[in-house]
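>>> Fold the following and give me the result.
(one chain, ligands or ions: 1)
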Amino acid sequence: MASEAPTGPAGSGPATVGDVLTLDVGAPVHGGHCLARHDGRVVFVRHALPGERVRAVLTEVRRKGYWRADAIEVLTASPDRVDSVWSAAGPGGVGGGELAHVSLPGQLVWKRDVITDALRRIGRLDADHPALAGLSVERVPGDLERGGLHSRSRIELVADGEGRAGMHRYRSHEVLALTDMPFAAEPIAAANLFGRTWRPGATIQAVAPSDGEVLILVDGEPLRGGRRNVRERVHLADGREFAYRVAGGGFWQVHLEAARTLVGAVLEAAAVGPGAGVWDLYSGAGLFTVPLAGEVGPDGRVDAVEGDPRAIADARRNVHGLDQAVLHGGDVAAVLAEHNGHSGAAGAAPDAVAGPARGPAPHADVVVLDPPRAGAGAAVMDAVLAAGPDRIVYVACDPAALARDVAHARERGHELVSLRAFDLFPHTHHVECVAVLTPTTLG
Ligand SMILES: C[S@@+](CC[C@H](N)C(=O)[O-])C[C@H]1O[C@@H](n2cnc3c(N)ncnc32)[C@H](O)[C@@H]1O
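Just a heads-up that it's a prediction; the model follows:
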């Protein structure tokens, strides 16, 4: 049973999980929490908003570190507070809907503030850095009309001990059964995932591709047998269209509008023309590789590096007929380290799977990189800088990792010259950035 702990500066005794505190909530921080303090100690509070006063139950207590808490009662509400669009993701519920109690405009402000904070604190950008000055998080088409719901072409569920589809409780392995998943695209919502039983413990993946029927994989196997891949089509605003084969359980941008939005933003940021040399790192099934190969044309070259063999197999098919696209399978750091100091022709990059040369070309005019949440890291960033690009286009799903890599590049003579951010995960803390870095010695 929760107990009210004193909120004064002294004499509160050892705090324990379940204690309830009154907290004045401060700025949002990366991960979907807001910052508060209790007796000088940092408390990361979920389900709250900046400026609110809340009663919050402690969910994690570190003797010498920070605490975590869930807001369970709002004493003074922010104007951005709304009724949660997904109560199952509320206090004590599943993870993945940590901004469901925030208005859609408020979510954009929240995410902008988190990006700005990360780039100032971790990236060491000045408060008035031009890339931050005009930053606003862009909403993608359809989200306002749908209230930020039904935008995901992919969801993953887990069956509980009774075979009911659900998701993990936040920061727990416990599965909570659900009756729906309001972020799933309509074709997935219509697939009756919650109206049947599954093998207890099974992982259920549902994919609604832009071209074709919903695919359901249970522990990686197609529910009804047959195909494991889906077809995706990406239509750009200028009328161009690209087609892809993608492994059902493999990586593809999740929001219905994400692939189109990011390809458009990357092509604009990369600004490559015929004959250019491009590296496309963490290239997946070739979402950027295919259009970049079109931009550089037959006289250019796109070296794509990807570690997942399924994605590389799909990419090989997706770049069919584009001889200027050269695929390299393997860990990005290993492929680039192997290449370092070798010419493309003489290098021995691990598992070069297509094209005339065995390693990425030693020089790149533009490097596009789209790493996983952990970011690229120092070794990859050093290899990117060593390729001497005029532009680095960094697609980031984690503002803190982006900020670390930006700091590394800035210490080595590159500057962040533009930054866009897209809300591709409404009602969650996630946000996608497209950053451009250029050498300070240029121009
Ligand atoms: C965020 S996804 C981007 C994929 C692609 N750019 C897209 O937008 O569809 C990151 C990709 O990096 C790959 N990856 C993750 N870590 C890697 C590593 N160390 N080396 C090579 N590829 C890696 C994953 O398999 C995944 O395909």
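>>> quick one, phi psi at the closest residue to Leu217 other than its chain neighbours?
Beyond its immediate neighbours in the sequence, the residue positioned closest to Leu217 (CB to CB, 6 or more residues apart in numbering) is Gln205, lying 4.4 Å away. To be clear about C-beta, it is placed using only N, CA and C from the backbone, and glycine gets the same treatment. Backbone geometry at Gln205, expressed as degrees, to the nearest 10, gives phi -110, psi 130.
>>> what's across from Gln205 in the sheet?
When bridges are called by DSSP bridges, Gln205 pairs up with Glu156, Leu217.
>>> so it touches Ser153, yeah?
No - the criterion here is CB atoms under 8 Å, and Gln205 misses it with Ser153 at 11.4 Å.
>>> So which of the two has more stuff around it?
Legend: neighbour count by other CB atoms under 10 Å for Gln205 and Ser153, higher for Ser153 (24 against 17).
>>> Look at the closest residue in space to Ala374 that isn't next to it in sequence and report its pLDDT.
Once its chain neighbours are removed from consideration, Ala374 has its nearest residue in Ala401; the separation is 5.9 Å (CB to CB, 6+ apart). The score at Ala401 is 98. That number is its pLDDT.
>>> Equivalent analysis for the one 5 residues further on, please.
Reading off the per-residue confidence, Val406 sits at a pLDDT of 98.
>>> again, but for His339
As predicted, His339 sits at a pLDDT of 72.
>>> Surely it touches His363?
No - in this structure His339 lies outside contact range of His363 using CB under 8 Å: 11.2 Å.
>>> Just want to know which of those two has more residues nearby.
When His339 and His363 are compared on other CB under 10 Å, the one with more neighbours turns out to be His339, at 28 against 12.
>>> and the more buried one, how far is that from Ala333?
Applying CB to CB, to the nearest Å, one obtains 11 Å for the distance of His339 from Ala333.
>>> residues shared between the contacts of those two?
Ala383 (CB atoms under 8 Å, 6 or more residues apart in numbering).
>>> Make sure the residue nearest to Ala374 is indeed in a strand.
No - note on Ala401: no strand contains this position according to DSSP: H, G, I helix; E, B strand; the rest coil, which reports helix.
>>> count of residues packed around it?
Ala401 sits with 21 neighbouring residues when counted by other CB under 10 Å.
>>> for it, what are its contacts?
Contacts here follow CB under 8 Å, 6+ apart; on that basis Ala401 touches 371, 373-376.
>>> Now with 7 Å, please.
Under the criterion of CB atoms under 7 Å, 6 or more residues apart in numbering, the contact list for Ala401 reads 373-375.
>>> Which PyMOL command selects the buried ones in the residues you listed?
For the buried members of these, the matching PyMOL selection, counting by 16 or more other CB atoms under 10 Å, is:
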select buried, resi 375
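>>> Now tabulate the contacts of Ala401 in JSON lines and tack on distance to the ligand, pLDDT and secondary structure.
Converted to JSON lines, those look like this (distance: CB to the nearest ligand atom, whole Å; pLDDT from 0 to 100; DSSP: H, G, I helix; E, B strand; the rest coil):
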{"residue": "Arg373", "distance to the ligand": "8", "pLDDT": "96", "secondary structure": "coil"}
{"residue": "Ala374", "distance to the ligand": "8", "pLDDT": "97", "secondary structure": "coil"}
{"residue": "Gly375", "distance to the ligand": "10", "pLDDT": "98", "secondary structure": "coil"}
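>>> Walking through the stretch 1-150 of the chain, point out its helices one by one.
Along the stretch 1-150 of the chain, the segments classed as helices by DSSP state H, counting those that start in this stretch run 104-121, 130-133.
>>> What helices and strands are in contact with the first one?
This means helix 104-121. If contacts are counted by 3 or more CB pairs under 7 Å, 6 or more residues apart in numbering; DSSP states H and E, helix 104-121 sits against strand 28-29, strand 137-139, helix 399-411, strand 414-423.
>>> go with 10 Å
Helices and strands in packing contact with helix 104-121 are listed as strand 28-29, helix 130-133, strand 137-139, helix 399-411, strand 414-423, strand 432-439; criterion 3 or more CB pairs under 10 Å, 6 or more residues apart in numbering; DSSP states H and E.
>>> ok, the first one: who's next to it in the sheet?
So the one you mean is strand 28-29. Every partner of strand 28-29, by DSSP bridges, with its direction: strand 33-38 (antiparallel).
>>> what bits of the stretch 201-350 of the chain have low per-residue confidence?
Applying pLDDT under 70 to the stretch 201-350 of the chain flags residues 340-350.
>>> ok, now with 90
224-226, 338-350 (pLDDT under 90).
>>> Name the residues of it found near the ligand, please.
Where the stretch 201-350 of the chain comes near the ligand, counting by CB under 6 Å from any ligand atom, the residues are 251-253, 282-284, 287-288, 306-308, 311, 331-332.
>>> quick one: which two of the residues you listed are the most distant?
By the measure CB to CB, these have their two most distant members at Gln253 and Asp331, which lie 21.7 Å apart.
>>> more crowded one of the two?
Here Gln253 and Asp331 are compared on neighbour count by other CB under 10 Å; more neighbours surround Gln253, at 24 against 15.
>>> and the more buried one, helix, strand or coil?
coil.
>>> re earlier: so which of the residues of the stretch 201-350 of the chain next to the ligand are in helices?
Secondary-structure check on these using DSSP state H: residues within helices are 311, 332.
>>> Generate a PyMOL selection restricted to the buried subset of the residues of the stretch 201-350 of the chain next to the ligand.
For the buried members of those, the matching PyMOL selection, counting by 16+ other CB under 10 Å, is:
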select buried, resi 251+252+253+282+283+284+287+288+306+307+308+311+332
